[in-house]
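**Student:** Any chance you could fold what I've pasted below:
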Amino acid sequence: GSSCEAEAAVHALASSQYRHKEHIQPAENGDAWYCISYEQALAKTFRWGEDGLAGLCDQHGLINFGLAVWNKKDWIIKERLFGLNNGEGNHGEDVKEYYYYIDSTPTHSYVKYLYKYPQTYFPYSNLRDGNQYKSLNEPELELIDTGVFKDNKYWDVFVEYAKETPSDVYVKITVHNRGPEAAEIDVLPQMCAHTHTFKDLYCVSAAQY
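**Tutor:** Numbering: from 1, shown residues only. As a prediction, this is how the structure comes out:
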């Protein structure tokens with residue numbers, strides 16, 4: 001069942017994380033690529049707007065808005081795009097998700113973003129292991145190659161920003177189920193505020209939809 005598959009995915013990811021643990025080194029040695037893993041980044045606060053899905057921040061980077069979604073099967077709430085670092089991808093650094101900047105005015109007074117979110121658990125370890133051990137001459141393993149979009153079982157998550165004034169921004173979030181069956185998704189808009197020292201963080205998440 002889906003719960004067993006999700007549990008297997010968690011164990012696979014944990015196993016993968018331990019296998020690569022020896023590569024995680026302090027940044028002091030100059031190798032920034034292995035300074036922090038994706039799993040460790042999940043416990044880090046957002047510093048800039050682009051840290052979150054469809055992220056947006058003010059001109060000072062102190063107020064950050066981002067979207068989080070959960071398909072009730074993945075082991076984490078999806079707040080950040082998953083990607084491979086320079087040593088994990090056979091062609092270097094690479095984001096292994098599908099997201100699109102669909103529209104924007106020249107002044108960014110209006111922007112539109114699309115994220116394609118699978119309805120099954122996300123294949124983190126499969127993408128990492130499937131690419132790390134490939135040669136430079138081999139094609140990359142992409143998210144669509146893992147079968148998570150089979151039968152169109154995914155959501156199109158649209159995020160639109162529109163400015164009424166330079167300091168007033170409206171946000172519209174629209175979710176379309178592209179799959180053949182009904183499926184549940186949690187949509188969690190989040191706003192974080194930093195102090196000037198970035199030592200304190202205050203986050204507010206909207207109610208579940």
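**Student:** residue boundaries of the helices in this structure?
**Tutor:** Counting by DSSP state H, the chain has helices at residues 2-19, 38-41, 124-132.
**Student:** what does stretch 135-145 contact?
**Tutor:** 89-91, 94, 96-98, 118, 123, 126-127, 130-131, 134, 149 (CB atoms under 8 Å, 6 or more residues apart in numbering). No exception for glycine: its C-beta is placed from N, CA and C like everyone else's.
**Student:** same thing with stretch 91-107?
**Tutor:** With CB under 8 Å, 6+ apart as the criterion, stretch 91-107 contacts 33, 53, 81-86, 110-116, 127, 131, 136, 140, 142-144, 158.
**Student:** Using CSV, write out every CA atom in that stretch.
**Tutor:** Provided in CSV are the C-alpha atoms of stretch 91-107 (Å, rounded to 0.1, in the frame of the first residue of the first chain):
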residue,chain,number,x,y,z
HIS,A,91,26.5,16.7,-15.2
GLY,A,92,26.9,18.8,-12.1
GLU,A,93,24.4,20.8,-10.1
ASP,A,94,20.8,20.2,-11.2
VAL,A,95,17.3,20.8,-9.9
LYS,A,96,15.3,17.6,-10.3
GLU,A,97,11.8,19.1,-10.3
TYR,A,98,9.5,20.8,-12.8
TYR,A,99,8.7,24.5,-12.2
TYR,A,100,8.0,27.3,-14.7
TYR,A,101,8.0,31.1,-14.6
ILE,A,102,5.0,31.5,-16.9
ASP,A,103,4.4,35.2,-17.1
SER,A,104,5.7,38.6,-15.8
THR,A,105,5.5,42.2,-16.6
PRO,A,106,8.8,44.1,-17.1
THR,A,107,8.5,45.7,-13.7
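**Student:** And for the closest residue to Lys44 other than its chain neighbours, the neighbour number?
**Tutor:** Nearest residue to Lys44 in three dimensions, chain neighbours excluded: Ile36, at 7.5 Å (CB to CB, 6 or more residues apart in numbering). Applying other CB atoms under 10 Å, we find 15 residues neighbouring Ile36.
**Student:** Need the phi and psi values for Ile36.
**Tutor:** Recorded main-chain torsions at Ile36 are phi -150, psi 140, according to degrees, to the nearest 10.
**Student:** Test my guess that it contacts Leu42.
**Tutor:** No - Ile36 is not in contact with Leu42 according to CB atoms under 8 Å; the separation is 10.2 Å.
**Student:** what sits against the residue nearest the centre of the chain?
**Tutor:** Among the residues of the chain, Leu81 comes closest to the average C-alpha position under CA atoms, centre = their mean, at 2.1 Å. Under the criterion of CB under 8 Å, 6+ apart, the neighbours of Leu81 are 53, 95, 97, 99.
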